[in-house]
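K.L.:
show me how the following folds:
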Amino acid sequence: MIQGRKMAYNIERKNDVIYIAIEDRLEIEESEILENEINQRIDQGDLYLVINFAHATYLSSLFLRALIRLIEKLNTEKGILVLSSLSDNIKRIFSIMEIDKLFVIKKTDEESFLYINETV
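P.N.:
Okay, the predicted model is just below:
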């Protein structure tokens, strides 16, 4: 944990899905920590992830690159990554960078979990 600061994300397991809620600004150091934690979970066999961006106000470019690496890794492992509840700012970033087409993006967590359940 970054000393003296609450992490800008929460991770929990919901059935067979790792659920990550981005709560604020995801800076470079937190991006690295989160990417490492997600990779460890994938290496342990957790192949279904939902990342909620409803409260995200900022993503470092490092985390955007990490998302691209994660989708590539999950595709290789036959896993699924769904991005949920993108705020307008985050939608704009994904669109400007032209990476929105790389991901499955759903409007709500419910739609995200339904997508995973229907796909598996």
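
K.L.:
C-alpha coordinates for the helix or strand containing residue 70, CSV please?
P.N.:
Counting by DSSP states H and E, the element that carries residue 70 is helix 61-77. Backbone C-alpha positions of helix 61-77 (Å, rounded to 0.1, in the frame of the first residue of the first chain) are rendered in CSV as follows:
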residue,chain,number,x,y,z
SER,A,61,-1.0,6.1,-19.3
LEU,A,62,0.8,3.2,-17.6
PHE,A,63,-2.5,1.7,-16.6
LEU,A,64,-3.9,2.1,-20.0
ARG,A,65,-0.9,0.1,-21.4
ALA,A,66,-1.4,-2.4,-18.6
LEU,A,67,-5.1,-2.9,-19.6
ILE,A,68,-3.9,-3.7,-23.2
ARG,A,69,-1.4,-6.2,-21.9
LEU,A,70,-4.0,-7.7,-19.6
ILE,A,71,-6.5,-8.2,-22.4
GLU,A,72,-3.8,-9.9,-24.5
LYS,A,73,-2.8,-12.2,-21.7
LEU,A,74,-6.4,-13.1,-20.9
ASN,A,75,-7.1,-13.8,-24.6
THR,A,76,-4.2,-16.2,-24.6
GLU,A,77,-5.5,-17.8,-21.4
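
K.L.:
from the contact counts, what lies against that helix?
P.N.:
helix 28-43, strand 48-52, strand 80-84 (3 or more C-beta pairs under 8 Å, 6 or more residues apart in numbering; DSSP states H and E). The C-beta positions use only the backbone N, C-alpha and C, and glycine is treated the same way.

K.L.:
TSV please, covering those and showing mean neighbour count, distance to residue 10 and mean pLDDT.
P.N.:
As requested, the helices and strands packed on helix 61-77 are exported to TSV (neighbours: other C-beta atoms under 10 Å; distance: least, C-beta to C-beta, whole Å; pLDDT from 0 to 100):
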stretch	mean neighbour count	distance to residue 10	mean pLDDT
helix 28-43	16	11	94
strand 48-52	23	9	98
strand 80-84	22	14	98
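
K.L.:
that older thread, so what's the gap between the helix holding residue 70 and the chain middle?
P.N.:
Relative to the centre of its chain, helix 61-77 is centred 9 Å away, using C-alpha atoms, centre = their mean, to the nearest Å.

K.L.:
residues contacting residue 90?
P.N.:
Applying C-beta atoms under 8 Å, 6 or more residues apart in numbering, one finds that residue 90 lies in contact with 53, 56, 59.
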